[in-house]
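Visitor: could you look at this predicted model? Sequence included:
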Amino acid sequence: MGGKGRGRGRGQHPQEQQDQRNGGGGGRGRGQWQGQQERPPGAQRQPGGQPQQSEWGAPQQQQPGARGQGPQQGAQRQPGGQPQQSAWGAPQQQQPGAWGQGPQQAQSAQSGWGPRPTQPQGAPSAWGPRPTHQPQQQAPSIPGLPPQASPARSMGRGRETVTSAAASPASASPQKSAQQRPQEAKKEPGSEKNVYGRGVFQKQKEQFSSLQPCKRPDGGGTWGKTIKLRVNHFQLELQGTKKAYHYDVEINEKGKPMPNKELRRVTMRHVFSHDNFAEHFPKDCCVFDGMKSMYSCRKLKFREQAFPVNITFEERAREFEVVVKIAAEIDLNTITAYMQRGSSVDIPQEGIHCLDVVLRYHQTYNMQYVPVTRSLFSMNQPMLAELGDGAVVWLGHFQSVRMGTHMFLNVDASQKAFYKSDEVVNVMYDVLRLNHEFEPPHLTPEQVRIFDRYMRGVKVRFLVGAIKRDYKVNGLLSPANDTNAKFDSDGQLVTVEEYFKKHYNAELKYPYLHCLWVGSAQKQSRVPIECCTIKPGQVMRGKLNEMQTSEMIKAAAKPPFERKKRIDGAIQKMQGCGPVARNFGISMSNQMAQVDGRILEAPRVEVGGQNGVQLVTPRDGKWDMRNKKFLSAAALEHWGVLDVSRTKDMDIRKFFETLKKMARSFGMNVNDQCFNDSCRENARDVENALRQYQKMNNKLNFVFVIIPKKGSRNLPGHQIYWGFELINYNSVHS
């Protein structure tokens, strides 16, 4: 530490010396620490190690310590560079002249660790002659002194500057003893301010908790026809004074946490239903959220206890340790009080989450529903709509507890993309868009890459004879008949095809297809693709492509009466949310809530006609423009067509003839196109073509660009369907 201090004290940059003579320079801009007693810089050290005379005062002398110590041990220095009362000597006194009385300054070397004490003259040193220390004085510290009278310290580039309202040490009171100063240091700075801030926050919180929602000053609108509307909210009631108890659940297998959500639900279902645990977990009293939280309508007999659990999951015997520990006690009456108060603060989130878990548990208990966030999808899907590329639509319902004038359960129709549950070979046809009329071909590297990306993370069921196992796919490996991928079996190197023929008496139909890499990622376990089936109930990962998104919108866009039918069906299957919800004191209406609504008069549109201006009234949300013209029709005079999708010329000509006929029927002036050209599907080629035609006809202001249909993919081995879309391209100016 001493070496670093000497290294910083000697050989300062000229700009630093100038900053010190000017009172700190840019160091003050970095922030000042108020309330700390610190003396101003003393002398500055020359490169030779000698202190030099400054304009603040004469050099200071260090007094010897009380126990015969050297001149460097009489005073102890604090981290900020201040001398303090030590256990070995008397407190030091400040000499006149050290606080800015005239153009004199105490000599001391200044460094980034505080003012450097000087040493006796003449002592040998590697850094030059040793200067003598001058006695340092403690700056006055007076309790109750106004903040502006306390000196402030500024740090900057290894120097310290002091600004103070105390003009002279003559006005300082006698210094306090060493016993009083530690007591003052225990007082936390700003503690009174913190207490004041907490009090203000508590007062505002109490004021906001009594606020009521704002109401319309006019009492509501009056236009239109008043009707009754049914909304997808079902009223909930909490009967009597009820409490719920929150428990934390840890499920470990061989000392490691178990991340599988499905297996966690199966394990807790076994705990709640098995007779061995009936003494600890009363029937129809406990629910589990599938993660780490368990709620009970009764207080259990223990606060923390571990239970050994043995189950069979996916044809395998598993052993777990379930640790249940009390976490909190929840008063469900706070929900009723919150709704009566009508405020947006102090929302009882813990109680609302408890009700959400209880209302969902009745359907997820028997593993007949797949939970996806707040939606539930039944394993018994009546009919699945195809999205293409190995994806299908599952229909389910969304449910969530909502607060209003009453407590409601919001239920809505929901849909989600799932992996298609079928033989892997059949799914491969869909993903790679192969022709089902032919045998699967030898896959190209690009096709292998696409299907490998699709199958990663998918769970499959391997079935050969009486053997049935479930695996998670890691990807694709070499074909089953690959002689370069032989492995040892009973002392003989065999391929996957030969192994299945020898051990399972199974003749592979497609040995040239790639095998699935299953099981542990550290091992390369291979199974033939034709022996596996994708398990149902797996949510599609990743983002849907454009074609799948379009099909999903078609499946989700249903008229209101069909959505209401699906919602009523979901409420019927809930069966009043089950016996567990009744034990929690929850009851639910099976009828949608009713609200008042108004039908406003639809706006009328002015159109042109044979007899002048006409007013058209919409019917069923649309205007009928047949045999009518635009009131102010535009003209399409200079325009062209650019094809980048290789569409047939006959189809293009037929489409634009129909377009011109319809436009002229609405009163538009449409000329023949200026050009009809084609180019490659490349942004640079398209831009160059448009610029070329712009130069040929500077009046060109509209271009139809025919692009490929969404979802088209040019892959070997499958048919490509091309379509076109129209977009507006403004004039291109170079």
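Guide: Yes, it's here. From a predicted model like this one, the values you see are computed outputs, not experimental measurements.
Visitor: ends of stretch 459-469, how far apart?
Guide: 11 Å (C-alpha to C-alpha, to the nearest Å).
Visitor: again with stretch 394-414
Guide: 8 Å.
Visitor: how about stretch 596-613?
Guide: End-to-end for stretch 596-613, by C-alpha to C-alpha: 38 Å.
Visitor: which residues touch that stretch?
Guide: 221, 223-229, 614-618, 621, 623, 625, 627-633, 667 (C-beta atoms under 8 Å, 6 or more residues apart in numbering). Quick note: C-beta positions are derived from backbone N, CA and C, even for glycine.
Visitor: which residue is the nearest non-sequential neighbour of K299?
Guide: Closest residue to K299 apart from its sequence neighbours, by C-beta to C-beta, 6 or more residues apart in numbering: Y245 at 5.3 Å.
Visitor: I'd assumed Y295 was in contact with the one you found.
Guide: Yes. Y245 is in contact with Y295 according to C-beta atoms under 8 Å; the separation is 6.9 Å.
Visitor: need the overlap of contacts for those two.
Guide: I330.
Visitor: of those two, who's got more company?
Guide: Taking other C-beta atoms under 10 Å, Y245 and Y295 do not tie; Y295 has more neighbours (24 against 19).
Visitor: so the more buried one is in which element?
Guide: strand 293-296 (DSSP states H and E).
Visitor: so which elements touch that strand?
Guide: strand 243-253, strand 286-288, strand 316-331, helix 349-364 (3 or more C-beta pairs under 8 Å, 6 or more residues apart in numbering; DSSP states H and E).
Visitor: what's the burial count for Q305?
Guide: Neighbour count of Q305, defined by other C-beta under 10 Å: 12.
Visitor: does it count as helix, strand or coil?
Guide: Judged by DSSP: H, G, I helix; E, B strand; the rest coil, the three-state class of Q305 is strand.
Visitor: now do the contacts for it.
Guide: So Q305 contacts H280, V323, V324 (C-beta under 8 Å, 6+ apart).
Visitor: specify the beta-bridge partners of it.
Guide: Counting by DSSP bridges, Q305 is bridged to V324.
Visitor: and it, how far is that from K283?
Guide: Relative to K283, Q305 is positioned 18 Å away (C-beta to C-beta, to the nearest Å).
Visitor: how about N545?
Guide: Going from N545 to K283 by C-beta to C-beta gives 48 Å.
Visitor: which residues are contacting the strand holding Y295?
Guide: Against strand 293-296 from outside (C-beta under 8 Å, 6+ apart): 244-249, 268, 281-282, 285-289, 324, 327, 330, 353-354, 357-358.
Visitor: any idea how far D389 is from K535?
Guide: From D389 to K535 the distance is 19 Å (C-beta to C-beta).
Visitor: again, but for I599
Guide: From I599 to K535 the distance is 49 Å (C-beta to C-beta).
Visitor: circling back: neighbour count: D389 and K535, which is higher?
Guide: D389 (21 against 16).
Visitor: report pLDDT for the closest residue to that one other than its chain neighbours.
Guide: The spatially closest residue to D389, leaving aside those adjacent along the chain, is V431, at 5.5 Å (C-beta to C-beta, 6+ apart). The per-residue pLDDT reported for V431 equals 94.
Visitor: and stretch 524-538, how far apart are its ends?
Guide: OK, stretch 524-538 end separation, C-alpha to C-alpha: 24 Å.
Visitor: in it, what counts as buried?
Guide: The neighbour-count criterion (16 or more other C-beta atoms under 10 Å) identifies 526-538 as the buried residues of stretch 524-538.
Visitor: which members of those residues are the farthest-apart pair?
Guide: R526 and G537 (25.5 Å; C-beta to C-beta).
Visitor: so S632, which of the three states?
Guide: coil.
Visitor: ok, now which ones touch it?
Guide: G608.
Visitor: please redo it, this time with the cut-off set to 6 Å
Guide: Counting by C-beta atoms under 6 Å, 6 or more residues apart in numbering, S632 touches no other residue.
Visitor: same check, this time on the one 10 residues further on
Guide: Under the criterion of C-beta under 6 Å, 6+ apart, the neighbours of L642 are D677, V703, V705.
Visitor: what's the answer for A328, then?
Guide: A328 makes contact with H246, according to C-beta under 6 Å, 6+ apart.
Visitor: now with 10 Å?
Guide: A244, Y245, H246, Y247, D248, E350 (C-beta atoms under 10 Å, 6 or more residues apart in numbering).
Visitor: could you pull out the helices for the stretch 451-600 of the chain?
Guide: For the stretch 451-600 of the chain, the helices defined by DSSP state H, counting those that start in this stretch occupy 496-503, 546-556, 560-574, 578-583.
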